[in-house]
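In: this one's structure only:
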């Protein structure tokens, strides 16, 4: 079946602008995760959804970052007033039920803030 | 705070030359240790999950092992298509997030 999909694959924006990144999880997966990966680093956790609710948002770096999952499927990561330091690959992962299940990753969105 | 350290940072092998990658970890309580493979420009691809010390798992030329402090990914007779970055991650019993190491970049020359 289809894997996790993310759009856009690349996003270039200017400092101070607002961006939205979209994630479509594997069909039937109730858990969804966002991670951020800088060049040469491993992915860093941002937020975890179980269904429609954010079960753990302790990885969000500040209040410019926000994520939603209104219907328990597609999720959108929103970044306000972007900064050059936000440039990274944003990865989405989903798992069947949550904690004990394997997380399967999408291809990522490469965000570049000029 | 959970921590994962991978070594070496980069490894070059000749085709057929077996070797091992190391993942050292500290975690409050281990629920699982995960190995992923990541190709350039792509997301991590799941390889293995290990849950308890002494456990081993194999897939083709790869074998993962786990102790109470570290995990090894053994690569037997590697091929050029095994070239990738290998990521190790831990999941603590206290949550669901994965904490990743920085990865080992493996290059296998023909």
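Out: Happy to help now that I have it. This structure is a prediction, so every number in the text was calculated from the model and none was measured.
In: how near is the residue in chain B that chain A sits nearest to to residue B:35?
Out: Nearest residue of chain B to chain A, counting by C-beta to the nearest C-beta: residue B:100, 3.1 Å away. Any C-beta I mention is one placed from the backbone N, CA and C, and that applies to glycine too. Noted for residue B:100: a distance of 11 Å to residue B:35, by C-beta to C-beta, to the nearest Å.
In: Give the residues shared as contacts by those two.
Out: Shared contacts of residue B:100 and residue B:35 (C-beta atoms under 8 Å, 6 or more residues apart in numbering or on different chains): B:87, B:88, B:89.
In: Can you go through those residues and name the buried ones?
Out: Buried subset of the shared contacts of residue B:100 and residue B:35 (neighbour count, 16 or more other C-beta atoms under 10 Å in any protein chain shown): B:87, B:88, B:89.
In: Considering only these, which also neighbour chain A?
Out: With C-beta under 8 Å from any C-beta of the partner chain as the criterion, those include B:87, B:89 near chain A.
In: just the buried ones among the shared contacts of residue B:100 and residue B:35 now: which is nearest residue B:71?
Out: residue B:88 (6.3 Å; C-beta to C-beta).
In: any weak-confidence spans in chain A?
Out: A:1 (pLDDT under 70).
In: tell me the centre residue of it?
Out: Most central in chain A under C-alpha atoms, centre = their mean is residue A:34, positioned 3.4 Å from the mean C-alpha point.
In: show me what contacts that residue?
Out: For residue A:34, the contacting residues are A:23, A:45, A:46, A:47, A:67, A:75, A:77, A:90, A:91, A:92, A:93, by C-beta under 8 Å, 6+ apart.
In: what about the closest residue to residue A:92 other than its chain neighbours, how many neighbours?
Out: Among residues not flanking residue A:92 along the chain, residue A:23 sits closest, at 3.5 Å (C-beta to C-beta, 6 or more residues apart in numbering or on different chains). Neighbourhood size, residue A:23 [other C-beta atoms under 10 Å in any protein chain shown]: 27.
In: Would you pull up the residue in chain A closest to chain B?
Out: Using C-beta to the nearest C-beta, the single residue of chain A nearest to chain B is residue A:42, 3.1 Å away.
In: ok, for that residue, nearest residue in space, not its chain neighbours?
Out: Closest to residue A:42 by C-beta to C-beta, 6+ apart is residue B:100, at 3.1 Å.
In: residues near that neighbour, how many?
Out: Neighbours of residue B:100 (other C-beta under 10 Å): 23.
In: I'd say it and residue B:88 touch.
Out: Yes: in this structure, residue B:100 is within contact of residue B:88 by C-beta atoms under 8 Å, at 7.1 Å.
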